[in-house]
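Sequence first, predicted model second:
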Amino acid sequence: MSDGEPLRQRLCAGLAALDIELDDIALARLLAYVELLQRWNAAYNLTAVRDPAEMITRHLLDSLAILPFVQGDTLADLGSGAGLPGIALAIAAPQRDILLVDSNGKKARFLREAVRKLELTRARVAESRVEAVQGSFDCITARAFASLADMLAWGGHLLAPGGAWLALKGRFPQDELSAVPADFRIDKVVQLQVPGLDADRHVVVIKHVEAASDRADGEQSRES
């Protein structure tokens, strides 16, 4: 058995538990990402997780657990850090245009290297504060980034009409739900079951509040 085979088996078992099917190219890229992260982590301290097996569980599977909620052709991962969940999602769906946003120089350098090494041709990196980013995205992800209110205040302008904001949280964020800005609404909060991880995980799915004029237009179009 090769040195990387236990990691591959752990990854494949976790993906099977999540009911996610990926091809061999994606599997190889996910494992190469862990190797790259482990190597850079020694000098750049990108993550507190040091053990590659734990990276499979706490980073890859934790990120990919939200894959069923991802929608659309464009995605922005805010406060991407070491590329979580953005790099994992880019590997799982290489046809989607993904913007990885982080203002930290060393993290942005790692992200650019990961995009290059893993040949993620539809992914790009913005070394920028979230507030300064421009564009419109069908889906936005943010993992351990800030409170829901702060996330939306800084990056809410990036969410396209009809898009979905996926906020990854640990415990059920009860105290944050009531502080969501008025032009957004909580669509649902789903508890995630991450294989091998004995910890609370939730994804908060947030949508724009539909304006009354938009509802009237939609109803009129259905009637016609």
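Arrived safely, thanks for sending. Numbers count the residues shown, from 1 in each chain.

Kindly list the longest helix within this protein.
Across the chain, the longest stretch assigned as helix under DSSP state H is helix 24-44.

what is the rounded mean pLDDT of it?
For helix 24-44, mean pLDDT is 95.

Show me what it is packed up against.
helix 5-17, helix 52-55, helix 86-92, helix 105-117 (3 or more C-beta pairs under 8 Å, 6 or more residues apart in numbering; DSSP states H and E). In this view, the C-beta of every residue, glycine as well, is placed from N, C-alpha and C.

how far out from the middle of the chain is it?
17 Å (C-alpha atoms, centre = their mean, to the nearest Å).

how about that helix: buried residues?
Buried residues in helix 24-44, counted by 16 or more other C-beta atoms under 10 Å: 26, 29, 30, 31, 32, 33, 34, 36, 37, 38, 40, 41.

tell me the angle of it relative to helix 105-117?
150 degrees (axes from the mean of the first three to the mean of the last three C-alpha atoms, to 10 degrees).

mind checking which helix or strand residue 152 is in?
Per DSSP states H and E, residue 152 falls inside helix 148-155.

Off-centre distance for that helix?
Worked out by C-alpha atoms, centre = their mean, helix 148-155 lies 16 Å from the chain centre.

quick one: low-confidence parts of the protein?
1-3, 211-224 (pLDDT under 70).

ok, the residue nearest the centre of it - contacts?
Centroid check for the chain by C-alpha atoms, centre = their mean gives residue 85 as the closest residue, at 3.3 Å. Listed by C-beta atoms under 8 Å, 6 or more residues apart in numbering, the contact set of residue 85 reads 62, 63, 64, 66, 77, 141, 143, 168.
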